[in-house]
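K.L.:
This is a predicted model, with the sequence first.
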Amino acid sequence: MDKEELQKERIDLLSQINELLDFPLILLSILWLILIVVEFVYGLSLRLQTAVTVIWGIFIVDFFIELYIAPKKKVYLKENWLVALALFLPALRILRLFSGFRVLRVTIFVRSFNLARILSSFNRSIRTVRQAMRQRGLEYVLLLTTLITVIGAAGMYSFERPGLSSYGDAFWWTAMIMTTIGSDYWPKTAEGRILTFLLSVYAFAIFGYITAALASLLIGKEKEASSKEIAELRGEVQRLSSEIRTFLDREKK
């Protein structure tokens with residue numbers, strides 16, 4: 001078997017594995033994202049931390065299986081470096097076993113670590129939505145924007161307490177950023193400002209598309225309604241013309 005045939009077989013096998021594992025990995029990704037939000041907002045119990053660890057382990061196994069099968073491993077790593085980062089970051093939880101690192105929960109190190117986890121969660125959100133929805137339409141953009149808003153709000157609440165006193169306040173603030181309206185509150189921490197900047201860039205890039213798509217949808221409905229009215233008027237005119245023609249024929253007789 002030559003090299004090209006081997007690469008083709010590896011690509012086919014990778015495609016089959018992705019098709020087989022797509023649905024369960026989508027469900028696990030959704031659960032993962034929910035647990036990320038819960039962790040940043042409320043913290044996790046020991047049982048939920050165990051669930052996160054198990055899901056993390058499944059993602060790692062899936063990643064290394066794909067890496068092993070991929071015909072060009074360097075290309076695969078280059079295209080999936082954010083995925084690798086997202087899988088590596090939970091391993092840093094082991095630092096919490098050391099008493100010296102417990103104090104760092106409220107330090108810049110921990111906030112920076114949490115910022116990296118939030119950004120990697122954004123990447124997980126993109127992959128999840130892309131796998132769940134094959135078409136890149138308005139529904140895809142709205143679902144992705146909703147996920148990013150929910151996760152971004154969890155990050156802002158974690159970074160900006162007590163400036164944002166509740167997750168509800170953080171969600172409202174993030175939603176205003178995502179709609180480009182903005183808010184009176186301005187982040188105080190460096191991590192909060194970085195996250196705000198990234199959310200604003202995303203909102204700036206995507207809000208125009210959403211506005212145009214919604215406008216197109218509304219205009220399409222108006223055109224559909226107008227076309228229906230025009231068709232009804234035409235039918236009415238034809239009916240009246242037929243009645244007039246019938247009446248004139250009777251008058252001639």
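P.N.:
All right, it came through fine.

K.L.:
so where's the stretch 51-200 of the chain uncertain?
P.N.:
Along the stretch 51-200 of the chain, segments meeting pLDDT under 70 span 82, 86, 89-113, 130-136.

K.L.:
residue ranges of the strands in it, please?
P.N.:
Counting by DSSP state E, counting those that start in this stretch, one finds no strands in the stretch 51-200 of the chain.

K.L.:
how much space between the closest residue to residue 30 other than its chain neighbours and residue 183?
P.N.:
Leaving aside its chain neighbours, residue 30 sits nearest to residue 128 (6.5 Å; criterion: C-beta to C-beta, 6 or more residues apart in numbering). In this view, the C-beta of every residue, glycine as well, is placed from N, C-alpha and C. Here the criterion is C-beta to C-beta, to the nearest Å. By it, residue 128 lies 28 Å from residue 183.

K.L.:
for residue 78, same thing?
P.N.:
Distance from residue 78 to residue 183, by C-beta to C-beta: 38 Å.

K.L.:
now do residue 137
P.N.:
According to C-beta to C-beta, residue 137 stands 30 Å off from residue 183.

K.L.:
Give me the three-state assignment for the nearest residue to residue 66 once chain neighbours are set aside.
P.N.:
Excluding the flanking residues, the one nearest residue 66 by C-beta to C-beta, 6+ apart is residue 14, at 6.2 Å. Assigned by DSSP: H, G, I helix; E, B strand; the rest coil, the conformation of residue 14 is helix.

K.L.:
Please identify which of residue 137 and residue 183 sits among more neighbours.
P.N.:
Between residue 137 and residue 183, residue 183 has the larger neighbour count (other C-beta atoms under 10 Å), namely 14 against 10.

K.L.:
thought that one was touching residue 174?
P.N.:
No - applying C-beta atoms under 8 Å, one finds residue 183 not in contact with residue 174, separated by 9.1 Å.
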